[in-house]
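[1] Please work out how this folds:
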Amino acid sequence: MKPEIVKLLQDLNFTEYEAKAYLALLDKSPLSGYAVSLGSGVPRSKIYEVLGGLVDRGEVLVSHEEPSLYTPLPPQELIRLKKRRAESSFEAAETALEHYSFVSSNRENIWNITGADAIIERAADAIERAEHRVLLEIWPEEAKLLEKDLRAAAKRGLDVLLVVYGELSEFDFAQVYPHDSSDEITQEYGGRWIVVSADDREVVAGIVSLGADSRAAWTLHPGLVMPITEVIVHDLYIYELMQAHRETLEATFGPNLIELRKRYNAGPNGYSMAARLGLGG
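    Numbering: from 1, shown residues only. From the prediction side, this is the model:
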């Protein structure tokens, strides 16, 4: 009996004993409770309780004879049953919880998010809640992780605008603005970050290239949402200006405005922002 399959069934809300009993019945059925115990390793003292639970949920069928015989619901039918129940539970939960919403105090808080996966999940949640537009500053690696959510937002009629550090293809559903000197900026700051502004009212912003040590903030605080959103808008302004007046601007400030970056960079080239923040790297 493969442990990984037992674990998969546990993820579908089977107990370990239930998973083992169900798999034993898939191998051979119909079986008596005693035979299921022998084939699954579930103790005889527990097997009828375990089978009873499976029968009650309709995941195992039982015959009315002596001794009772058990047979499993076929795997495809089991999965369909689990999906229907999960969808029903989600719908019921959505109805039950619709009277609750973010309390006003959330607008005063700044919440810490740890780990790259958790940051991407929070960004996806913010994108899903958006109703008008989504602005992002992002690298291609993270943009691809959020592609499904961004496509869904565009399909809902939202404006989706991305300032991208690097090359990003197949995002024809969005307005994509490549940031100049992406490689140099990545090197200067020692990693990648993400900034998401949803409807100019909710922001997720932080470092995402440090794996489990990545850090970000999520907030509805208008005192932070407004300036962080304006950072993205400012980069959109710069893109438009460079498209229209690159030759003149580069004659004054160097290729890709490198002299401006040098003037206002917080540290020497190669001295990473992550290191300055004590986040490794």
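
[2] Ramachandran angles for the residue nearest to residue 215 when sequence neighbours are not counted?
    Counting by C-beta to C-beta, 6 or more residues apart in numbering, the nearest residue to residue 215 once its immediate chain neighbours are dropped is residue 206, at 5.3 Å. For every residue, glycine as well, the C-beta is placed using N, CA and C. Note on residue 206: its backbone torsions stand at phi 170, psi -180 [degrees, to the nearest 10].

[3] pretty sure residue 131 is touching residue 201, no?
    No: using C-beta atoms under 8 Å, residue 131 and residue 201 do not qualify as a contacting pair, with a distance of 9.7 Å.

[4] can you tell me which residues contact the most centrally placed residue in the chain?
    Taking C-alpha atoms, centre = their mean, the centroid of the chain lies closest to residue 121, which sits 2.7 Å from it. Residues counted as contacts of residue 121 (C-beta atoms under 8 Å, 6 or more residues apart in numbering): none.

[5] any idea which element it lies in?
    Using DSSP states H and E, the element containing residue 121 is helix 116-129.

[6] Mind listing what's buried along the helix or strand that comes right after that helix?
    Downstream of helix 116-129, the next assigned helix or strand under DSSP H and E is strand 133-138. Burial within strand 133-138, assessed by neighbour count using 16 or more other C-beta atoms under 10 Å, is assigned to 134, 135, 136, 137, 138.

[7] just to revisit the earlier point, so for the helix holding residue 121, what gets flagged as buried?
    116, 119, 120, 121, 122, 123, 124, 126, 127.

[8] got it, and stretch 224-237?
    For stretch 224-237, a neighbour-count test (16+ other C-beta under 10 Å) marks 225, 228, 229, 232, 235 as buried.

[9] Which strand or helix spans the fourth one?
    When you say that, I think you mean residue 232. Short version, using DSSP H and E: residue 232 is in helix 222-253.

[10] Against which helices or strands is that helix packed?
    Where contact means 3 or more C-beta pairs under 8 Å, 6 or more residues apart in numbering; DSSP states H and E, helix 222-253 is packed against strand 133-138, strand 159-164, strand 175-178, strand 193-198, strand 202-207.
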